[in-house]
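Chemist: Predicted model, plus sequence, below.
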Amino acid sequence: MGLYCREQKHICGKSYDTAQYMEVDLYMVSARKHKESRRAKKKEASSLAQQTYNDKRAKRYHVQLVNTNFGKRDFSWTGTYDDEHLPGPGDTKRADLDFTNFIKRLYRWCDKNGVQRPKWVAATEYTTVDEAGKVCGRHHHHAIIQHTEGLTRDVLEELWSVNGKRIGLTRGEYLDVDHGSVESLVRYICKNKRCARSWRQSRGLEKPKTPPPNDSKWSRKKLEEASTMYIDDAEFWEKKYPGYTLNRVETTVNDAGYRHTVVILRRAECWHGRGNMKKTRRKTT
């Protein structure tokens, strides 16, 4: 049976040349899928993106979404409650309403002060009660909020209030895109499976782009070598994808023995280090 190695890019920005973040899937497809029309391949690309969103790896889609819409100098924000304003255990509607009202106050403030309304994504962790009656966790909110001109962390702190009275502590920091911190943040705010409503977002967010795949760039042998011999070789991957710097490579082998490799890259000019990434010399044979 003929097999082809498919390269599917997920471009988190306007284009390959300007996007600040990109993920690349490398996996095997049958000869039938290889021969499909361009429209069918585009449909499969969208299907892969949708699958990434739907399955247990939905966090990966959220990472792509955040990297498409947010960047350095945007805000990472957390809102907590004091005891007086803390919703009761299991009162998820009240917790959701508090965040909704916070966003409404933010929009009103922006309109009043001539500031562009920001884009945002958010997740809420709830106080829950388990089957034994034990109270678990404490309601609080995490958000990534666009830093539009005129919007400050002090404003976000002041707006976490009811009738001018603070309802808890807030923390706002500038979003750091280095060393995979965006990924860590998104995975953290999505981590709590108790969240009945784990993710919310503003309208109009730009979706990651999934262009038609390339079935001729890689062979099965080359993919196997790249995913083993060169998996930590930053120079090797950066030559494959000029303009980007390697973050890391993740690879798995399914029950049929076929490899699926994910290459995670960031635009070179906005990346200032690779953490613990070991840059090895390309091996020769």
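Modeler: Structure's in. What do you need? Numbering: from 1, shown residues only.
Chemist: So which residue is smack in the middle of the chain?
Modeler: residue 63 (0.8 Å; CA atoms, centre = their mean).
Chemist: ok but that one is inside a strand, no?
Modeler: No - counting by DSSP: H, G, I helix; E, B strand; the rest coil, residue 63 falls outside a strand, being helix.
Chemist: quick one: low-confidence parts of the stretch 51-200 of the chain?
Modeler: 51-57, 177-181, 188-198 (pLDDT under 70).
Chemist: quick one, helices of it?
Modeler: Using DSSP state H, counting those that start in this stretch, the helices of the stretch 51-200 of the chain run over 58-69, 92-112, 153-159, 181-189.
Chemist: Flag every buried residue along the third one.
Modeler: In this case it means helix 153-159. 153, 155-157, 159 (16 or more other CB atoms under 10 Å). In this view, the C-beta of every residue, glycine as well, is placed from N, C-alpha and C.
Chemist: Skipping its backbone neighbours, what lies nearest residue 68 in space?
Modeler: residue 12 (4.0 Å; CB to CB, 6 or more residues apart in numbering).
Chemist: beta partners of that neighbour?
Modeler: residue 21 (DSSP bridges).
Chemist: From residue 143, how far out is it?
Modeler: Distance from residue 12 to residue 143, counting by CB to CB, to the nearest Å: 19 Å.
Chemist: Ok, residue 83 next?
Modeler: Separation of residue 83 from residue 143 (CB to CB): 22 Å.
Chemist: Which one's more surrounded, these two?
Modeler: residue 143 (24 against 6; other CB atoms under 10 Å).
Chemist: The more buried one and residue 119 touch, don't they?
Modeler: No - if you go by CB atoms under 8 Å, residue 143 and residue 119 don't touch, sitting 10.7 Å apart.
Chemist: For residue 147, give me its contacts.
Modeler: By CB atoms under 8 Å, 6 or more residues apart in numbering, the contact list for residue 147 reads 73-75, 118, 174.
Chemist: Only the buried subset of those, as a PyMOL command please.
Modeler: One line in PyMOL is enough to select the buried members of the contacts of residue 147, burial here meaning 16+ other CB under 10 Å:
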select buried, resi 74+75+118
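Chemist: Pick out the most distant pair among the contacts of residue 147.
Modeler: Across the contacts of residue 147, no pair lies farther apart than 118 and 174, at 13.7 Å, counting by CB to CB.
Chemist: And for residue 214, the neighbour number?
Modeler: 15.
Chemist: Could you report the distance from the spatially closest residue to residue 15 that is not a sequence neighbour to residue 170?
Modeler: Closest residue to residue 15 apart from its sequence neighbours, by CB to CB, 6+ apart: residue 209 at 7.9 Å. Applying CB to CB, the value for residue 209 to residue 170 is 34 Å.
Chemist: quick one: the strands in the stretch 101-250 of the chain?
Modeler: 120-125, 128-129, 135-136, 140-145, 161-162, 165-166, 170-174, 200-201, 214-218, 244-253 (DSSP state E, counting those that start in this stretch).
Chemist: how about residue 9, what does it touch?
Modeler: Per CB under 8 Å, 6+ apart, neighbours of residue 9: 16, 22-25, 210-211, 213.
Chemist: Of those residues, select the buried ones using a PyMOL command.
Modeler: Selection of buried members from the contacts of residue 9 for PyMOL, criterion 16+ other CB under 10 Å:
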select buried, resi 22+23+24+25+210+213
